[in-house]
Each structure stands twice: as C-alpha cells, then as structure tokens.
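Q: This is the structure alone, sequence omitted:
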C-alpha cells in the first residue's frame with residue numbers, strides 16, 4: 001500500500017489508525033502510540049487540526065497514554081481532542097473526550113477537575 005500511495009497519503013492515516021486500534025487491543029501500547037501519532041500527523045496534514053478525525057486519533061492517543069500511566073500526557077492529548085471535536089461540532093466525540101478526561105483526572109485525584 002505504501003509503495004503505491006506514498007507515506008503521506010490520507011489512506012495511510014486510516015490504516016495507521018486501524019493498526020493503532022488493533023495494537024491497543026493487544027496491549028502493545030508503545031506500538032499503538034506510534035501508529036496513532038503517525039495517523040494524527042497525516043490527518044492533520046490533510047484535514048487540519050480542527051477536524052473530527054484528528055480529534056478521534058488524539059482521543060486514542062490519550063487513552064494509550066493513560067494506559068501507560070502517563071496522565072499528564074493523556075490529559076494534554078484529550079484536551080487537544082476536545083478542541084478538534086468542538087471545532088468540528090462533533091458532539092459525540094466531544095462527550096467521549098470529556099468523559100475520558102474526567103476519568104484521567106479522577107485517577108490523578110483531581111476530583112474538582114473531573
């Protein structure tokens with residue numbers, strides 16, 4: 001697929017996102033993070049930072065960071081996801097990001113921010 005389309009094609013972003021989901025499901029967090037970050041870079045390049053697809057991948061990155069015990073990074077990525085969802089008026093995505101952000105903050109003991 002890469003030799004035909006090239007490394008920066010939008011469909012490569014979709015493949016990387018799906019790959020990240022599989023790796024996350026398998027508990028391979030470092031590899032999942034790499035796949036999601038590649039997808040985020042390509043979606044941002046083609047669609048812009050405020051697109052819902054970017055928000056969805058940022059939300060996934062936040063989940064991986066949380067699973068790795070990196071709550072500060074998780075919060076930052078979930079906040080970026082929320083910005084993208086709000087800008088694209090994706091209400092269900094925004095709700096998911098808010099929920100995930102609240103769960104991360106609760107784990108941190110920041111109940112007033114959860």
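A: Everything's here; your move. Please read these numbers as outputs of a predicted model, since none were measured by experiment.
Q: how deep is residue 47 tucked in, by neighbour count?
A: Around residue 47 there are 16 other residues, counting by other C-beta atoms under 10 Å. Glycine gets a C-beta too; all of them are placed from N, C-alpha and C.
Q: Now do the contacts for it.
A: 10, 53-54 (C-beta atoms under 8 Å, 6 or more residues apart in numbering).
Q: Quick check: pLDDT value at residue 111.
A: As predicted, residue 111 sits at a pLDDT of 74.
Q: Same question for it, what's its three-state structure.
A: Here residue 111 takes the coil state, with states given by DSSP: H, G, I helix; E, B strand; the rest coil.
Q: Apart from its chain neighbours, what residue comes closest to it?
A: residue 105 (7.6 Å; C-beta to C-beta, 6 or more residues apart in numbering).
Q: how near is that neighbour to residue 62?
A: Look at residue 105 and residue 62: by C-beta to C-beta, to the nearest Å, they are 12 Å apart.
Q: Between the two, which contacts overlap?
A: residue 75.
Q: quick one, which of those two is more surrounded?
A: residue 62 (28 against 18).
Q: Flag every buried residue along the helix or strand harbouring the more buried one.
A: Per DSSP states H and E: residue 62 is located in helix 52-67. For helix 52-67, burial by neighbour count (16 or more other C-beta atoms under 10 Å) applies to 52-66.
Q: what's the answer for stretch 30-43, then?
A: 31-40, 42-43.
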